Structures are given as structure tokens and as C-alpha cells.
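Novice: Need a 3D model of the following:
(2 chains)
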Protein chains: 2
Amino acid sequence: MNALKSYTEFIDFELGKMNFPNSPVELYDPLRYFMTLGGKRIRPILTLLGNEMFGGSKQTAIPQALSMEVFHNFSLIHDDIMDAAPVRRKQPTVHEKWNPNIAILSGDVLLIKAYQLLSESSPEILPEVLNLFNTTAVEVCEGQQMDMNFESRHDVTISEYIEMIRLKTSVLLGASLKMGALVARASEENQQYIYDFGQNIGIAFQIQDDILDLYADPDKFGKQVGGDVIANKKTLLYLTAVSKVTLEQKEILKQLHNEQDIGLKVKRTRELFDHLQVRQACKQMMHNYYDTAMNSLEKIAINDKHKATLIALAEFLIQRDN
Amino acid sequence: MNALKSYTEFIDFELGKMNFPNSPVELYDPLRYFMTLGGKRIRPILTLLGNEMFGGSKQTAIPQALSMEVFHNFSLIHDDIMDAAPVRRKQPTVHEKWNPNIAILSGDVLLIKAYQLLSESSPEILPEVLNLFNTTAVEVCEGQQMDMNFESRHDVTISEYIEMIRLKTSVLLGASLKMGALVARASEENQQYIYDFGQNIGIAFQIQDDILDLYADPDKFGKQVGGDVIANKKTLLYLTAVSKVTLEQKEILKQLHNEQDIGLKVKRTRELFDHLQVRQACKQMMHNYYDTAMNSLEKIAINDKHKATLIALAEFLIQRDN
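Specialist: Alright, predicted model coming up:
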């Protein structure tokens, strides 16, 4: 997707115009640092695309697009503290490079900054813009809390897990598209369809992410294959396995949980999952969400060229080698 | 001020109507807990008063008033993490009662909730409401960062200290009054005057707070007299002393910094401060800010009854026994 690259560059250029004050330097340096760590800028691109599809130009939804990216970065800075994550995009996280207090406070400022950008909306759409954003922002926090709760729970169901990833990551993708559509004054129905499309693609993407952790081609995968297994994370693969195991296999799963040889741990887990056809079951779920997204796409009153763009974007997100 | 009590009860009643969802319980229980810890609800009362003075009724500025209180509570939850404070209003802080991650995330939700309340404003004033709130919210974060920076700095000036308390606490008092005036469609000049009044009263109040730490009547003071001295905090008293000491007295101040006998530490510090007439100098500064506030009050185009209410409130905040 070469078109994506030019959009990413456009967003990076616009983000570059965002001026953070110089003082207090301890508050704003972390933001200058974090906002230039890069990434594909998927969320603001979705807002620009959602806007263009309903007749907007690239210029008309810039503050709203940037707002989605700024919010996403706020949530990453705070999530990284909560997850005690040392690295983000191959660079130290804010709480690592500075300290947790600075990460809390600079994250807070970034959330306010997202609202400052939204406040640039035309007064006639501002209440709707805020309503969409507020609802989504609360949902993202709820998803993060569910994710943290799952760490210490042993009875997480597949549907709870799907609800968690829906809230934590997918609603923001749906809302980013809908935000663009809203700015272009699309009808309520069209706004809902494009939201549903984005949300379901988001769920499919997260499922794919879980599958790739264990089944990616190591040469093409950017990180260690089996990382989730080593960290005993309750991914969809794991929860699907748990839903299928015999009592005997459950014991094996327990032993693998404590296995110290990580090479052996990944290998044996994969053997058990293969035996249980976990990958196929998860791929089936992913395809179901993908199909649901496509059904929503069908209903949107936009021309085929624009639909093709959304399909290409969906394929780009989902169809990585597996 | 008996009138204040009925306003506090009114705000508590309205806050009680705010419905937090039940799930995830780990996210919303801390908010239910913290929002009912009490306090005088000064900020929302200022919004209601600012609104009534310019013709509004108690009902017309409720969401904006609650928003100021919700924002204040958000900042307390996050500040308590950063300050490692175990107790707030004689109860355990959120990060103590639950954990820091939950305090970060529930604080985030509270900030979003403040915006949800603001979003209930009439569309024609919504951009201005957001603009006032966004500016103030960023300033409060900047003030908190300055406060944290001061802990490790040894060259803090009195004017930097005043700027810190202005940002950290006073702008929110000014903004609370202005928010009410804005909702009542007061003129820009009147909005600015009432803001200036609130901000300067806020600075006077903070100076008074610093003075009381060392000079309060122990029988009437709710906490340990000399707490700031014991904690080696760089209050206005301390900074004023530093600005007046001889080289010899500077050495005494250094020794007192490390004094382990806290009774002796407080006593000797007070003796040195008395000798340097620190209390008088600080009281003079406080009176200057109080007078500046009264000058702004003079200019506001409201009737004398309303001015008397603001004066009574200012007196209530400032004139505690010292």
C-alpha cells in the first residue's frame, strides 16, 4: 500500500506542526520524544479516509485526525507504565527514559491536547465530535482495566477476551473512521456502518496479532516468535486451547506454564495447540469478524473506488504472512 | 459562612447523581470512593456563584460546576501517586487502597468524565467553555511539574514559587468563577475581572496555607504544626528566609535541614524565621494579592450584594486564625 505511506508522511508533517511549549521542559520533552517515535499513524489515516469518502478534502479533518493519534499516544504512555514495558517502537518508554511520575503527567497533558485539537471542530458538529470521542476514550480505559484484570484471573472466557480487545483497541479504529465521516456530515446510518466496519476489522486484526505471535515466519516477524507463550499471556490461542483440552492435556498445559526452558516451552505449546487445531479455530474467528466488517462495508453509501480503498487497508492490516 | 454549607450540600447531592457503571468494578469503585471523600467543594461553588452573579440560576451551571470538581479530583488522584501520599482527607489514597495502576487509569477516566460534563453545555458557548477548561487543565499540569522539579532544585526563587502555586492551584479557582460567568453570558471584561479575582485570592490562600503550617494555633490546626519544616519543603516561608539570611544564618539553615530531633528542628527554624521577620514578609505578600483581588472585584459590574458574597467567601478562605 504505497498510498498509505504518503498518508503517513502527511500525518507526520501535520504532527510536526504541533507546538509544545518549552517550559516546563520535563513535561514537554517526553511528548516531543514520544510523538516522533513513529508508527504507521493508522488512526489519523482512518479519519482522513473516512472524511474523504464522504466528500471531505484532506484538509478538512486534520485536527480530528491528529486528535485520534494524540489520544492513542496518551494511552500508550500510560499503558506502558501499567504494563511496566521498557521498550516501545524499539526505543525506551517514557517512564523508563524519564520516570513514572513524568510519564503520568505528560500523558495527562497529551489527553488534554487531544481535546484541544477536537475543540477546533466547527461549532455545529462539536457536540457530536465530543460525544463520539468521550465514549470511545472511556471504552479504551475500560478495555485496559479488563486486560489488567485478566492477568490474575483463571476463568477468562473467549467472549470476555473478545470484549476486552474490542474495547481496548477496536473501538478506536471504528471511531477514527466515524470521526472522519462525521466531519464530512455523513448520515447517521453511514457513520454507524463505517464504525462497525472499523471495529470488526480491528477485532480481526487483534486476533491475527495473537495468531502471528506463535505462527509467524521468524524471518519476517519483527519480534521473538512465541513471546506471548513465554510470558504466559492469556491470548485467544491460549483461551481457545483451554476450551478444547481434555483433563490430561490440561495438566500438560499447567506444566508448560512453569517450563523454564523457553525453547522447549514454545515448541511443546505449539505441538499441543496444533493437536487441538487451535490455529484453525482462531483463523475461523478472525474470518468471521472480517466477513462481518465486509457486510458493513457493503451497506455504506460510497462509490466502489472508496470501498476498494477500505478493502485494501483491511487486507493490509490483516493479510500478513501466516 | 452558613450559606456555603448549603451550597456544599447541593453539590454533594448533584455529584451523587453521577452514575458510574458497575463494570469493570476495579475502575469505577475507586471513583465512587474518592468522589464521596468530601471536602468543601469550593470550585463548583465558585462556578455556581459566578453564574448566579450574572443572572444565572443554581440549575443552569450544574454540569460545568461538577466538571470543575471532577477535574480537581482527577488531579488529586494523580498528584497523590506522584507525591506518594498515603492519606487524603483522613482516608487512604486510591493508589494506597488499590494500587498505582488503578489510580492512573481511574484518574484518566475522571478527566474524560469532566469533559463529558462540559459537553452538556449549550452548543453556542461550548467552544469557549472548552477553551477555558483546556487552558486551565494544561496549566494545572504545568504547575504540578514545576512543584516536582522544585524538590530537587536549590535555586528556586520566590517569583518561580508564586508562579508554581498560581498554575497548580490558583488558575482553577479563577477558571471556576469565570466558567459560571461564561455560562451566564457575562461580558468578556467581567469574565476577566472575576477570573483575576479568583486567581489572586487563590494565591493569597496558598500563601496563608504556607504561613499556617508553622504559625497556626496547634489546638485549631487540623494537622501537625511545622509539617512543611519537618519535610524540608521549599515553602514561601523557607524561600523568604533564604532571601534574607546572612552567610552565618545560611549555615544554621543547613544544619536545621539535617536536624533529626523534629521538635528542636521546628522550634529553631521558627526562631530563625522570627528573627528574619519571615512571617511578616509573607503576610505582606498575602495582603498584596488579596488587595489585587479586591481591585478586580471593584471593577466587576455586579451589584453590591453579590460583591459582598465574594468578599465573604474570600474572607472565609483567608482569615483563619493566624
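Novice: what about the helix or strand hosting residue A:179, near chain B?
Specialist: Here residue A:179 sits within helix A:171-183, counting by DSSP states H and E. No. Helix A:171-183 does not reach chain B (C-beta under 8 Å from any C-beta of the partner chain); its nearest approach is 13.3 Å. Bear in mind the C-beta positions are built from the backbone N, C-alpha and C, glycine included.
Novice: Flag every residue of chain A that's near chain B.
Specialist: Counting by C-beta under 8 Å from any C-beta, the residues of chain A close to chain B are A:23-24, A:26-27, A:78, A:81-82, A:100-102, A:104-105, A:107-109, A:111-113, A:115-116, A:119, A:123-124, A:126-127, A:130-131, A:134, A:137-138, A:141-142, A:144-146, A:148-149.
Novice: let's go with 6 Å and repeat that
Specialist: Contact residues, chain A versus chain B (C-beta under 6 Å from any C-beta of the partner chain): A:24, A:26-27, A:78, A:82, A:101, A:104-105, A:108-109, A:112, A:115-116, A:119, A:123, A:126-127, A:130, A:134, A:137-138, A:141-142, A:145-146.
Novice: Any chance of a PyMOL selection covering the buried ones in these?
Specialist: Restricted to buried positions by 16 or more other C-beta atoms under 10 Å in any protein chain shown, the PyMOL selection for the residues of chain A next to chain B reads:
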select buried, chain A and resi 24+26+27+78+82+101+104+105+108+109+112+115+116+119+126+127+130+134+137+138+141+142+145+146
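Novice: which ones among the residues of chain A next to chain B are found in helices?
Specialist: Those of the residues of chain A next to chain B mapping onto helices are A:26-27, A:78, A:82, A:101, A:104-105, A:108-109, A:112, A:115-116, A:126-127, A:130, A:134, A:137-138, A:141-142, A:145-146, per DSSP state H.
Novice: now residue A:141, nearest residue through space, not along the chain?
Specialist: residue B:109 (4.9 Å; C-beta to C-beta, 6 or more residues apart in numbering or on different chains).
Novice: Show the contacting residues for whichever residue of the stretch 201-322 of chain A sits closest to chain B.
Specialist: Residue nearest to chain B within the stretch 201-322 of chain A: residue A:234 (15.8 Å; C-beta to the nearest C-beta). Residues in contact with residue A:234 (C-beta atoms under 6 Å, 6 or more residues apart in numbering or on different chains) are A:150, A:156.
Novice: how far away is it from residue A:103?
Specialist: Here the criterion is C-beta to C-beta, to the nearest Å. By it, residue A:234 lies 26 Å from residue A:103.
Novice: How about residue A:31?
Specialist: Counting by C-beta to C-beta, the gap from residue A:31 to residue A:103 is 11 Å.
Novice: again, but for residue A:127
Specialist: 32 Å.
Novice: residues in contact with the spatially most central residue of chain A?
Specialist: By C-alpha atoms, centre = their mean, chain A has its centre lying nearest to residue A:169, at 3.9 Å. Neighbour list for residue A:169: A:202, A:206 [criterion: C-beta under 6 Å, 6+ apart].
Novice: Ok, the one 4 residues further on next?
Specialist: If a contact means C-beta under 6 Å, 6+ apart, then residue A:173 has A:198, A:202 as its contacts.
Novice: For chain A, which segments are assigned as strands?
Specialist: A:87-88, A:91-92 (DSSP state E).
Novice: can you put the ones you listed in JSON lines and add mean pLDDT, mean neighbour count and distance to residue A:161?
Specialist: Shown next, in JSON lines, are the strands of chain A (pLDDT from 0 to 100; neighbours: other C-beta atoms under 10 Å in any protein chain shown; distance: least, C-beta to C-beta, whole Å):
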{"stretch": "strand A:87-88", "mean pLDDT": "93", "mean neighbour count": "14", "distance to residue A:161": "23"}
{"stretch": "strand A:91-92", "mean pLDDT": "96", "mean neighbour count": "14", "distance to residue A:161": "29"}
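Novice: Pipe these into JSON lines and attach distance to residue B:252 per row.
Specialist: Listed next are the strands of chain A as JSON lines, based on distance: least, C-beta to C-beta, whole Å:
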{"stretch": "strand A:87-88", "distance to residue B:252": "49"}
{"stretch": "strand A:91-92", "distance to residue B:252": "43"}
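Novice: Ok, which of those comes nearest residue A:47?
Specialist: Among these, strand A:87-88 comes nearest to residue A:47, with 22.3 Å by C-beta to C-beta.
Novice: what sits up against the closest one?
Specialist: With C-beta under 6 Å, 6+ apart, strand A:87-88 has contacts from residue A:80.
Novice: Repeat that for stretch A:92-103.
Specialist: So stretch A:92-103 is contacted by A:26, A:30, A:34, A:77, A:80-81, A:85-86, B:82 (C-beta under 6 Å, 6+ apart).
Novice: What are the buried residues along that stretch?
Specialist: If you call a residue buried by 16+ other C-beta under 10 Å, then stretch A:92-103 has these buried ones: A:93-98, A:100-103.
Novice: quick one: that stretch to chain centroid distance?
Specialist: Put simply, stretch A:92-103 sits 22 Å off its chain's centre (C-alpha atoms, centre = their mean, to the nearest Å).
Novice: State the pLDDT value of the residue nearest to residue A:141.
Specialist: Per-residue pLDDT puts residue B:109 at 98.
Novice: what's the spacing between it and residue A:139?
Specialist: Distance from residue B:109 to residue A:139, by C-beta to C-beta: 10 Å.
Novice: For stretch A:152-163, which outside residues touch it?
Specialist: Residues outside stretch A:152-163 that contact it (C-beta under 6 Å, 6+ apart): A:150, A:234, A:239.
Novice: on that earlier part again, check the contact between the residue nearest to residue A:141 and residue A:142; I expect there is one.
Specialist: No. Contact criterion C-beta atoms under 6 Å: residue B:109 and residue A:142 do not qualify, at 8.1 Å.
Novice: Tell me the confidence at the residue of chain A positioned farthest from its centre?
Specialist: Going by C-alpha atoms, centre = their mean, the residue of chain A most distant from its centre is residue A:248, 36.0 Å out. You'll see residue A:248 listed with a pLDDT of 95.
Novice: Okay, now the unreliable bits of the stretch 151-300 of chain A?
Specialist: For the stretch 151-300 of chain A, no stretch is flagged by pLDDT under 70.
Novice: ranges for the helices of it?
Specialist: Ranges of helices within the stretch 151-300 of chain A are A:158-165, A:171-183, A:188-215, A:227-230, A:236-244, A:247-258, A:262-275, A:278-299, based on DSSP state H, counting those that start in this stretch.
Novice: ok, and which of these has the densest surroundings?
Specialist: helix A:171-183 (a mean of 28; mean count of other C-beta atoms under 10 Å in any protein chain shown).
Novice: okay, the angle between that helix and helix A:100-118?
Specialist: 20 degrees (axes from the mean of the first three to the mean of the last three C-alpha atoms, to 10 degrees).
Novice: okay, now residue A:9: neighbour count?
Specialist: A count of neighbours around residue A:9, defined by other C-beta atoms under 10 Å in any protein chain shown, yields 11.
Novice: residues in contact with it?
Specialist: Contacts of residue A:9 (C-beta under 6 Å, 6+ apart): none.
Novice: just the one 5 residues further on next, same as before
Specialist: Contacts of residue A:14 were listed using C-beta under 6 Å, 6+ apart, and they are residue A:62.
Novice: do residue A:113 as well
Specialist: With the criterion set at C-beta under 6 Å, 6+ apart, residue A:113 makes contact with residue A:70.
Novice: can we see that at 10 Å?
Specialist: For residue A:113, the contacting residues are A:18, A:20, A:31, A:35, A:66-67, A:70-71, A:73-74, B:134, B:137-138, by C-beta atoms under 10 Å, 6 or more residues apart in numbering or on different chains.
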